[in-house]
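Visitor: Show me how the following folds:
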Amino acid sequence: MARLFFLLIALILTHSVAMVYFENLSWADALWLSVTTVTTVGYGDISATSWQGRLSTTLCLYILAISLLAQLAAEFFEYRLKKRDDKLRGNWIWSDMNKHLLIINTPAENSDAYLERLIGQMRATPKFAQLPLQILTRNYPKGLPRELSAHSVVHYNGGPEHAKSLAAVNVNQAAFIVILARDGSDPLSDSLTFDILSRIQDIGSSATILVECIADENRQRLQRAGADVVIRPIRAYPELLVRALATPGTEVVLENLFTHDESNLQRVDLDFSHILWKDIITVFMDNDFGIPLAYIDAEGVHSNPAALHSGSGSGIISMTRAGCTIPANTLRAAFARLQTAADATS
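Guide: Below you'll find the predicted structure:
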């Protein structure tokens, strides 16, 4: 297309020279005549009168230049249509994509629903709300679902096992990279994730990288390969992945709550009335009963209330160490002392 454009300019300039030479026009009038003629506007205010000028106009403009302009217009619109189709189908390379959040792979099952929730949570997180977001996957060769496109997401149709695809999505310029396990229950996915990490390191990237890991024994291996955050695949709660990416380290705390290895959540059933939340925390900490996270009353569960909140309820949920037991009688006695002290000062 560039060659046709320059050929068109050459024909316009050639015709302008002919008009200056044969019709004694000024350069401005000659160029005006050439442009208005080739664009088929044809104001008629200036025209060639000599046979040499008319012949030049016929050959340079009517026969050649106007045909070239039509061909250029057709190729331009064809290029625009192809570009739009390439973007839709994931064949377009977004060369200006940088400081973006890149998602590599899509789940083998229910990928549309999972990605919609995952990306929705990312857009709801201030740290990621304005970041360009791109997906590297082969799952959408005909285009992303409308629900994903609504979040201003683009994708590239390729596989991360090819360095060419990783280069196409600018992994070296990404701010965050999420590598999803292809199969959330198959340990073989860890090997594929390791291969992707190795290729990213070969290209070079300073991004914060989160990976899903199936087998716990592979965690350190993936970390040595370059993963900053390693989390178990929890397809029902993509919110956990987003929290871990936004604040690395929280994934360890959250995952420990699901096991009995380090931290446990315990519920203590006891009635209390009008006690400040900060005083409840103090009682638990002084007795090494963990950290209270929420209290329960007739309206439900209230997590992380304000320090000066005065609460009444029938139970407290606390995060404790593994093996810790919380005797309710000890708490009742401590709360009774708090209540007595409060009554004495009121």
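Visitor: before we move on, what SS does L118 have?
Guide: The three-state label for L118, taken from DSSP: H, G, I helix; E, B strand; the rest coil, comes out as helix.
Visitor: That one and V242 touch, don't they?
Guide: Yes: applying C-beta atoms under 8 Å, one finds L118 in contact with V242, separated by 7.0 Å. For the C-beta atoms, the positions are set from N, CA and C on the backbone; glycine is no exception.
Visitor: Could you look up the SS state of L197?
Guide: L197, by the three-state scheme (three-state DSSP), is helix.
Visitor: which residues touch the closest residue to it other than its chain neighbours?
Guide: Nearest residue to L197 in three dimensions, chain neighbours excluded: A225, at 4.0 Å (C-beta to C-beta, 6 or more residues apart in numbering). Contact analysis of A225 by C-beta atoms under 8 Å, 6 or more residues apart in numbering lists 194, 197-198, 201.
Visitor: Now, of these, which are buried?
Guide: Under a neighbour-count criterion of 16 or more other C-beta atoms under 10 Å, the subset of the contacts of A225 counted as buried comprises 194, 197.
Visitor: Max pairwise distance over the contacts of A225: which two?
Guide: With C-beta to C-beta as the measure, no two of the contacts of A225 lie farther apart than F194 and Q201, at 10.7 Å.
Visitor: ok, longest helix in this structure?
Guide: Longest among the helix segments of the chain by residue count, using DSSP state H, is helix 66-89.
Visitor: Now tell me what touches that one from outside.
Guide: Taking C-beta under 8 Å, 6+ apart as the rule, helix 66-89 contacts 1, 4-5, 7-8, 11, 38-40, 91-92, 141-143, 154, 157.
Visitor: Of these, keep whichever come out buried.
Guide: Neighbour-count burial (16+ other C-beta under 10 Å) applied to the contacts of helix 66-89 gives 8, 11, 38, 91-92, 154, 157.
Visitor: buried residues in the helix or strand of the chain with the lowest mean pLDDT?
Guide: Among the secondary structure pieces of the chain, namely its helices and strands, helix 250-256 has the lowest mean (mean pLDDT, DSSP states H and E), a mean of 77. Neighbour-count burial for helix 250-256, counted by 16+ other C-beta under 10 Å, picks out 251, 254-256.
Visitor: okay if I get these as CSV plus distance to R337?
Guide: Written out in CSV, the entries for the buried residues of helix 250-256 read as follows (distance: C-beta to C-beta, whole Å):
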residue, distance to R337
E251, 39
L254, 34
E255, 37
N256, 32
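Visitor: which one among those residues gets closest to R321?
Guide: Nearest to R321 among the buried residues of helix 250-256: N256, at 10.2 Å, using C-beta to C-beta.
Visitor: give the contact list for that closest one.
Guide: Contacts for N256 were tallied using C-beta under 8 Å, 6+ apart; they are 262-263.
Visitor: What of A328?
Guide: By C-beta under 8 Å, 6+ apart, the contact set of A328 is 268-270.
Visitor: So which residues of this structure form helices?
Guide: Listed in chain order, the helices found in the chain under DSSP H are 2-23, 27-38, 51-56, 66-89, 111-124, 146-149, 163-168, 188-203, 219-224, 238-246, 250-256, 277-286, 328-345.
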